[in-house]
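Novice: below are the sequence and a predicted model; questions follow.
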Amino acid sequence: MFAETKGPYSHSYQVTRPEFDTILLDNAREKGVQIREQCQVLGPVFSENDSTVTGVEFINQDGNHERTTAEIVIDASGQQTLFANQFNLKDWDTAFRHLAIYGYYSGGNHLPAPDHGSILIESFENGWVWKIPLHDGSTSVGVVMDAGWAQAEIKKSSVNQLFESQISLTNEISDLIREATFKEEIHLIKDWSYVTTKMTGDGYALVGDAACFIDPLFSSGVHLALQSGVLAAAYAATVIHSPDLAR
């Protein structure tokens with residue numbers, strides 16, 4: 001599809017998120033960023049005089065409570081939307097009240113060349129299904145359905161049974177993964193499309209899924225994460241060096 005647009009880029013990349021995220025984290029560490037892993041952030045810390053965020057409170061890897069301060073806090077908490085919940089900023093999109101069940105397969109078949117590396121989207125009577133081939137030979141397969149209907153169906157059976165039954169209703173995708181082996185646990189996400197009413201505040205900024213999330217059909221998550229990270233870096237530099245310009 002990218003080649004057909006006759007634009008400057010004829011292809012895109014599908015990435016395995018754990019590997020991609022590790023590359024980004026290691027790169028930040030190499031650039032001098034102090035990394036604290038296996039910590040749970042509990043919420044923001046405020047200044048004594050007003051509601052300016054001056055840091056965060058968290059539980060460290062030893063289970064102890066700590067506080068850390070910063071000139072500006074960047075919330076990259078993903079769909080946990082820590083600050084959006086704290087400041088009541090989240091605005092759900094009522095047109096996208098959906099539920100997605102997905103998992104990973106090994107083996108199976110893909111579309112014929114030259115489309116063997118392309119994402120396949122197939123609609124069916126209860127929603128739509130994605131099939132995304134990855135570089136290690138695995139394939140991500142997910143089913144997207146109306147949230148209310150899917151939750152009622154799960155109560156009648158189980159998440160796994162609903163996933164398998166809906167995949168079987170597809171024509172192309174069910175045929176391509178007929179000989180594939182399911183390799184991981186089922187994942188479920190629901191009601192995911194939202195924006196935040198503002199993405200910056202006194203002492204903080206939101207990036208990536210912590211700021212907004214769109215139906216995964218648009219495949220925009222990594223782009224939004226990286227681009228909002230660039231914008232947040234520029235905003236943070238402005239706040240620190242020219243605070244009057246940040247308002």
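Specialist: Received, thanks.
Novice: wait, Leu134 touches Thr16, no?
Specialist: Yes. Using Cβ atoms under 8 Å, Leu134 makes contact with Thr16 at a distance of 5.6 Å. Bear in mind the C-beta positions are built from the backbone N, C-alpha and C, glycine included.
Novice: tell me which stretches of this protein form helices.
Specialist: 17-30, 82-86, 147-156, 159-167, 172-176, 221-241 (DSSP state H).
Novice: could you dump the ones you listed to CSV with distance to Gly107?
Specialist: As requested, the helices of the chain are exported to CSV (distance: least, Cβ to Cβ, whole Å):
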stretch, distance to Gly107
helix 17-30, 20
helix 82-86, 39
helix 147-156, 27
helix 159-167, 15
helix 172-176, 10
helix 221-241, 26
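Novice: which of those sits closest to Lys190?
Specialist: helix 147-156 (5.1 Å; Cβ to Cβ).
Novice: got a list of contacts for the closest one?
Specialist: Helix 147-156 is contacted from outside by 97-99, 101, 126, 162, 190-191, using Cβ atoms under 8 Å, 6 or more residues apart in numbering.
Novice: please repeat the previous calculation with a cut-off of 7 Å.
Specialist: For helix 147-156, contacts defined as Cβ atoms under 7 Å, 6 or more residues apart in numbering pick out 97-99, 162, 190-191.
Novice: out of those residues, who's nearest Leu111?
Specialist: For the contacts of helix 147-156, the minimum distance to Leu111 (Cβ to Cβ) is 24.9 Å, reached by His98.
Novice: got the contact list for that closest one?
Specialist: His98 touches 144-147, 215, counting by Cβ under 7 Å, 6+ apart.
Novice: go again using 6 Å as the cut-off
Specialist: His98 makes contact with 144, 147, according to Cβ atoms under 6 Å, 6 or more residues apart in numbering.
Novice: returning to what we had before: so which of the helices of the chain is nearest Ile119?
Specialist: Set against Ile119 and scored by Cβ to Cβ, the helices of the chain come closest in helix 172-176, at 11.2 Å.
Novice: and the closest one, how far from the chain's centre?
Specialist: Relative to the centre of its chain, helix 172-176 is centred 26 Å away, using Cα atoms, centre = their mean, to the nearest Å.
Novice: repeat that for stretch 150-162.
Specialist: For stretch 150-162, the distance from its own C-alpha centre to the chain's C-alpha centre is 24 Å (Cα atoms, centre = their mean).
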